[in-house]
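K.L.:
could you look at this predicted model? Sequence included:
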Amino acid sequence: MRRPLLGALLIGVTLLSGCYRIAQTPAVKGASKPATPTLAVTRGDGKTLRVFIWSEYIDPDIVAAFEKANGVKVLLDTYESNEAMLAKLQGGGSEYDIAVPSNYVIQTMVRAGLLQPLRKALLPNLKNIGPGFLNASYDPGNTYSVPYQYAATGLAFNTSRYTPPTASWNLIFGPQDTLKFILLDDPREVVGAALKFLGFSANTTDVAQLRAARDLLRHTVAKRGFQGFDGGPGTRNKLLAKQIDLGQIYVGDLLIATEEDEHVQVQLPQEGTTISMDTLVVLKRSPNPELAHRFINDILEAEVGAAISNYTYYATPNAAAQPLLDDFLREVPALNPPAAWLTNGKLDFIGELPSGRPQRLYDRIWTELKSR
Amino acid sequence: MKRTHPALSAWAWLVYAFLYLPIVVVIVFSFNDSRFGATWAGFTTKWYGNLFARADVREAVAHTLEIALLSTVLSTLLGTLVGLGLWRYTIRFRTGLTFLLVMPIVMPDVVMGVSLLMFYAFVRGLLERAGWTFDNGFWTVLLAHVTFQISYVALTVRSRLAGYGRDLEEAARDLGATGLKSFLHVVLPLATPGVLAGALLAFTLSLDDFVVTYFTSGSGFRTLPVLIYTNVKRGITPDINALSALLVLVTVVAIITANALLRPRRSVP
């Protein structure tokens, strides 16, 4: 009676270990065996750099070159939202050296005691950063952060389906009712776009302005053409498949699709738009702070900054890297807004909201839109 | 033989289509010559080549299987013991114990993930005072998985045995079997289907767990679900489709082989 059962168990285990071995073999053959699990790790051996970063956000060749030049190993771990990254770090997760938060989470991280002040003496290449991107309001004096990559939020379309007369938020928030469009699945971006259309700041705390934005958005999501909220990849795919007319999207997420179809385009709306900067920070518990600084300084090199942008299709704040960018990235208007836009209020960095009433208002607008 | 009503078989086909169409789509698109997979851009096998060139995917697959196999063995051993104990003995805090077993099943994964993360940080803090430290990775993920798997195994084993009284075991003892013998020849065979079901459940749960693994894994240690999910922000590349197609293939081959090998005996527990 028991035999067949035992046989089944054995076969199962053998098969499983079989596929396990298939999966395992190439890994062993590969040049470097990945971090073997060890219980005791020497803190700060100066040989391993741990970077917590968005996926597909750094050119693997750059990482490999840094590893080779310095004789170190760089471990990349990825996250898919600022919130997930924060939760893991605040819970006392692994001992990362570097993280890549968006500008509006930096102060939250400072208050949570997660960051250490940067040692400027170790970052001589900071001089390469364009003056407009230093000493920003989200981190005065660049005490904790160095700008890494940024992208504005634009309006995307596929010219083989629909070409807008001008890039304007009016196409989405105006009277037209038939264009099919998607909004970004992000409260600050959606409310921010409505505020820009109305001529206000995307970081406003004025209750009357927020009410106006709420009424506008209520009306907008009730339109026949509204196709829902989505992230960058979803909107990009629907544009490539010519299923929608317009999509609100991070410029970098769309531009990468031009490799496949030159008819997809993205433009910055004339009323202005939101922008967010991803930054490099060194964590307070970093086991190898010197190595972390060396890595950041390496990224600030002109060639490296350009290579990363050429890979990600995001814009670089590195002024010295500009001439080294691919022609396409240097010329496409959506990545190169007029310089005046950064100072005249057309481009608003999404800023941290004061906690309390304003934050609750943004939350409430978003909840209402999503639960419609 | 009774003929099946055509509406019923149509319904059955619909159910199967609902279950399997998404998988078919994934497999078809693994041969699509488009990086974004929005439209059909021609046939290609390049994603399979890409897949085998990707060290991170290979590592993730290896880690996933290491964790799944080892945690299943550990949790099946521990969970079976708990299940047997709950069935066999009248313990003082039995209801309390059962409640504690059900908790990890009912509790949202996020709560479990974050609390384990904080627990590990706390233990690390204690160890650091003694000059020791550890990094989140293989061991922390393994322990986390065993933690939630034990409940599933224990509950399946216990419910398998719930219909039986202690009389069978007592009868064996009356007929002269020792305690060990009556356990090996009477109790264990009764429990085995439950043990196997629990083990399979545990294995599957470990294989596709994201939330708990995300929080308890550390630098450089990623499993497949973590790798895939953290790529959502910038879009999943078609080599992941190729990987899914291969996983489906391996599973199908394994099931067919197991069936073929088991058929001649015909005795099914």
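P.N.:
Arrived safely.
K.L.:
distance of A:A69 from chain B?
P.N.:
20 Å (Cβ to the nearest Cβ, to the nearest Å). To be clear about C-beta, it is placed using only N, CA and C from the backbone, and glycine gets the same treatment.
K.L.:
so that residue is in which element?
P.N.:
helix A:60-70 (DSSP states H and E).
K.L.:
gap between that helix and the chain center?
P.N.:
22 Å (Cα atoms, centre = their mean, to the nearest Å).
K.L.:
for that helix, which positions count as buried?
P.N.:
Within helix A:60-70, the residues scored as buried using 16 or more other Cβ atoms under 10 Å in any protein chain shown are A:I62, A:V63, A:F66, A:N70.
K.L.:
can you give me the distance of the first one to A:V74?
P.N.:
Same thing as A:I62. 10 Å (Cβ to Cβ, to the nearest Å).
K.L.:
quick one, what contacts the closest residue to B:G83 other than its chain neighbours?
P.N.:
Excluding the flanking residues, the one nearest B:G83 by Cβ to Cβ, 6 or more residues apart in numbering or on different chains is B:V157, at 2.9 Å. Contact partners of B:V157, counting by Cβ atoms under 8 Å, 6 or more residues apart in numbering or on different chains, are B:G79, B:T80, B:V82, B:G83, B:L84, B:W87, B:A191, B:G194, B:V195, B:G198.
K.L.:
list the buried ones in the helix or strand encompassing B:V157?
P.N.:
Using DSSP H and E, the element containing B:V157 is helix B:138-161. Buried residues in helix B:138-161, counting neighbours by 16+ other Cβ under 10 Å, are found at B:138-142, B:144-158, B:160-161.
K.L.:
quick check: next helix or strand after the lowest-mean-pLDDT helix or strand in chain A?
P.N.:
Across the helices and strands of chain A, the lowest-confidence element by mean pLDDT, DSSP states H and E is helix A:2-29, at a mean of 39. Sequence order places strand A:48-54 as the next helix or strand after helix A:2-29, per DSSP H and E.
K.L.:
neighbouring strands for that following strand, and are they parallel or not?
P.N.:
Strand A:48-54 pairs in its sheet with strand A:73-79 (parallel), strand A:98-99 (parallel), by DSSP bridges.
K.L.:
domain ranges for chain A?
P.N.:
Domains of chain A are assigned by automatic domain parsing as A:7-150+A:277-330, A:151-274+A:338-371.
K.L.:
nearest to B:V24, of those?
P.N.:
Nearest to B:V24 among those is domain A:151-274+A:338-371 (18.6 Å), distances taken as Cβ to Cβ.
K.L.:
is any part of the closest one close to chain B?
P.N.:
Yes - using Cβ under 8 Å from any Cβ of the partner chain, domain A:151-274+A:338-371 reaches chain B at A:231-233, A:236-241, A:253, A:257, A:259-260.
K.L.:
just the buried ones from the residues you listed, in ChimeraX syntax?
P.N.:
In ChimeraX, a selection of the buried entries from those looks like this (16+ other Cβ under 10 Å):
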select /A:231,232,233,236,237,238,239,240,241,253,257,260
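K.L.:
and the furthest pair within the residues of domain A:151-274+A:338-371 next to chain B?
P.N.:
A:G231 and A:E259 (19.3 Å).
K.L.:
where along chain A do the strands fall?
P.N.:
Taking DSSP state E as the criterion, chain A carries its strands at A:48-54, A:73-79, A:98-99, A:145-158, A:181-184, A:226-230, A:246-250, A:264-267, A:273-282, A:347-349.
K.L.:
again with the stretch 51-200 of chain B
P.N.:
With DSSP state E, counting those that start in this stretch as the criterion, the stretch 51-200 of chain B has no strands.
K.L.:
show me which residues of it are close to chain A?
P.N.:
Residues of the stretch 51-200 of chain B lying near chain A (Cβ under 8 Å from any Cβ): B:52, B:55, B:58-59, B:61-62, B:65-66, B:69, B:114, B:117-118, B:120-122, B:124, B:132-139, B:189, B:192, B:196.
K.L.:
among those, name the ones in helices.
P.N.:
Within these, residues falling in helices by DSSP state H are B:52, B:55, B:58-59, B:61-62, B:65-66, B:69, B:114, B:117-118, B:120-122, B:124, B:138-139, B:189, B:192, B:196.
K.L.:
just the buried ones from the residues you listed, in PyMOL syntax?
P.N.:
Remark: buried members of those, expressed as a PyMOL selection using 16+ other Cβ under 10 Å:
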select buried, chain B and resi 58+59+61+62+65+66+69+114+117+120+124+138+139+192+196
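K.L.:
what's the nearest residue to whichever residue of the stretch 51-200 of chain A sits closest to chain B if we skip its chain neighbours?
P.N.:
Here the stretch 51-200 of chain A gets closest to chain B at one residue, A:G92, 2.6 Å apart by Cβ to the nearest Cβ. Distance criterion Cβ to Cβ, 6+ apart; nearest residue to A:G92, sequence neighbours excluded, is B:A121 at 2.6 Å.
K.L.:
show the pLDDT at that neighbour.
P.N.:
pLDDT, B:A121: 87.
K.L.:
check A:G234 too.
P.N.:
86.
K.L.:
now for it: which residues touch it?
P.N.:
Counting by Cβ under 8 Å, 6+ apart, A:G234 touches A:I182.
K.L.:
okay, helices next: where are they in the stretch 151-269 of chain B?
P.N.:
B:167-174, B:179-182, B:188-207, B:211-216, B:224-229, B:238-262 (DSSP state H, counting those that start in this stretch).
K.L.:
tell me which of those is the most buried.
P.N.:
helix B:211-216 (a mean of 26; mean count of other Cβ atoms under 10 Å in any protein chain shown).
K.L.:
if we can go back for a sec, out of the domains of chain A, which is closest to B:A177?
P.N.:
domain A:7-150+A:277-330 (23.9 Å).
K.L.:
low-scoring stretches of the chain, by residue?
P.N.:
Looking at chain A here, since you left the chain open. Chain A contains residues with pLDDT under 70 at A:1-44, A:93-94.
K.L.:
meant chain B, my bad for not saying
P.N.:
Looking at chain B by pLDDT under 70, you get B:1-2, B:233-234, B:262-269.
K.L.:
change it to 50
P.N.:
B:266-269 (pLDDT under 50).
K.L.:
A:T273 bridge partners, please.
P.N.:
A:L347.
K.L.:
for B:Y214, give me its contacts.
P.N.:
A:A84, A:K88, B:G113, B:V226, B:Y229, B:T230.
K.L.:
swap the cut-off to 10 Å and go again
P.N.:
Residues near B:Y214 by Cβ atoms under 10 Å, 6 or more residues apart in numbering or on different chains: A:77, A:79-80, A:84, A:87-88, A:93, B:109-110, B:113, B:117, B:141, B:222-223, B:225-226, B:229-230.
K.L.:
ok, now A:K127?
P.N.:
By Cβ under 10 Å, 6+ apart, the neighbours of A:K127 are A:L134, A:L300, A:A319, A:A320.
K.L.:
can you pull out the helices in the stretch 101-250 of chain A?
P.N.:
A:106-111, A:170-173, A:187-197, A:207-221, A:232-240.
K.L.:
any buried residues in the fourth one, and which?
P.N.:
Read that as helix A:207-221. Those would be A:Q209, A:L210, A:A212, A:A213, A:R214, A:L216, A:L217, A:T220, for helix A:207-221 by 16+ other Cβ under 10 Å.
K.L.:
any residues touching it, and which ones?
P.N.:
A:169, A:172-175, A:181, A:183, A:190-202, A:204, A:206, A:226, A:228-229, A:357-358, A:361-362, A:364-366, A:368-370, A:372.
K.L.:
quick check: B:M112 vs B:F221, distance?
P.N.:
18 Å.
K.L.:
cool, and B:P22?
P.N.:
29 Å.
K.L.:
between the two, who's got more neighbours?
P.N.:
B:F221 (27 against 10; other Cβ atoms under 10 Å in any protein chain shown).
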